[in-house]
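Colleague: Need coordinates for the below:
(chains A, B, C and D)
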2 protein chains.
Amino acid sequence: MGSMTIGEVARRTGLQASAIRYYEKAGLLPKTQRVGGQRRYETSVLNYLQVIDVARRAGFRIEEIKHLFHGFGKSTPAFRRWKLLARRKITEMDDLISGAKKMKRLLEKADRCKCFDLEDCGKAFRGRGRQE
Amino acid sequence: MGSMTIGEVARRTGLQASAIRYYEKAGLLPKTQRVGGQRRYETSVLNYLQVIDVARRAGFRIEEIKHLFHGFGKSTPAFRRWKLLARRKITEMDDLISGAKKMKRLLEKADRCKCFDLEDCGKAFRGRGRQE
DNA sequence: CTCGGACTTGAAGCGCGCTTTAAGTCAAGC
DNA sequence: GCTTGACTTAAAGCGCGCTTCAAGTCCGAG
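Modeller: Coordinates of the predicted model:
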């Protein structure tokens, strides 16, 4: 149980094996041990893949996840860049959350009042600009 | 001012003209009036494009936006399908919001405690499965 | 020894959401 | 009339995140 094949990891995480291989090639996952040419994983990879999955669902790009998870070390310049990225992503999360809430409110309103068409749908947003 | 060219709409919304044309071809925007072959828009399209933009940022696909905004009429079967889609998207917004909050918390924690690496990053998620 | 099945690789393919390109039209100003 | 510049179209191209394919390897069961 301390050592799983890629198929087992796939089954347990719900990801496809091809995605896991892709993550490795993309530098998101460390090149893991091989036995007879085949990848073997420790159970810790399950947590790790779960974090990757949460990040992806939140709209992080592969390169960003890679930099956030591997790109700092303790050396000051790299670490500072890492902090900047992390803080930028935090504000992006705030924007995403408020945008998603907005969208949810719009959908709920439309679901209730049945007046969801081209003329009406924008009114909920009047006067509220984009925050980009 | 009641009638803008595509360039003016682009300038005002921050979108590219090519994106606006693309939305029209994709069925997201109605085919608008032409003057000498050129599109002319009423100011109402600005609100509409803003809603599209919010939806897109929240991860809606073009086809979904199209169905949500045009795909119902008052006929019962289409309307019921529309309601199902809208409600599904509402729960997706909830998932997105909670995922984004999770990710934000992780980033904040990492920003504070400096221990954000492959071994530690998953610990915040232990025991919390995916909700797919 | 042979078969089956899960794995390996590199390369090609795909779906999405645009952007870019190429070739052309239109209206205004000189 | 000619130029300029913003517009038009259809078609091709692009970046991302995988997936699929083709061809091969490895191991265990029979």
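Colleague: how close does A:L15 get to A:R40?
Modeller: 17 Å (CB to CB, to the nearest Å). No exception for glycine: its C-beta is placed from N, CA and C like everyone else's.
Colleague: before we move on, what about A:L46?
Modeller: 14 Å.
Colleague: What of A:L107?
Modeller: Counting by CB to CB - A:L107 and A:R40 are separated by 45 Å.
Colleague: who has more neighbours, those two?
Modeller: A:L107 (22 against 16; other CB atoms under 10 Å in any protein chain shown).
Colleague: wait, isn't that one in contact with B:T91?
Modeller: No - using CB atoms under 8 Å as the test, A:L107 is too far from B:T91 to be in contact (10.1 Å).
Colleague: what helix or strand does the residue lying closest to A:T13 once chain neighbours are set aside sit in?
Modeller: Among residues not flanking A:T13 along the chain, A:L49 sits closest, at 4.9 Å (CB to CB, 6 or more residues apart in numbering or on different chains). Assigned by DSSP states H and E, A:L49 belongs to helix A:44-57.
Colleague: Give me the buried positions along that helix.
Modeller: Applying a neighbour-count criterion of 16 or more other CB atoms under 10 Å in any protein chain shown, one finds A:45-57 buried in helix A:44-57.
Colleague: which ones are touching A:A17?
Modeller: The contact partners of A:A17, by CB atoms under 8 Å, 6 or more residues apart in numbering or on different chains, come to A:I6, A:G7, A:V9, A:A10.
Colleague: B:D111: which of those residues is nearest?
Modeller: A:V9 (29.3 Å; CB to CB).
Colleague: Pull up the per-residue confidence for that closest one.
Modeller: What the model reports as pLDDT for A:V9 is 98.
Colleague: any weak-confidence spans in chain A?
Modeller: For chain A, the stretches flagged by pLDDT under 70 are A:1, A:71-74, A:114-132.
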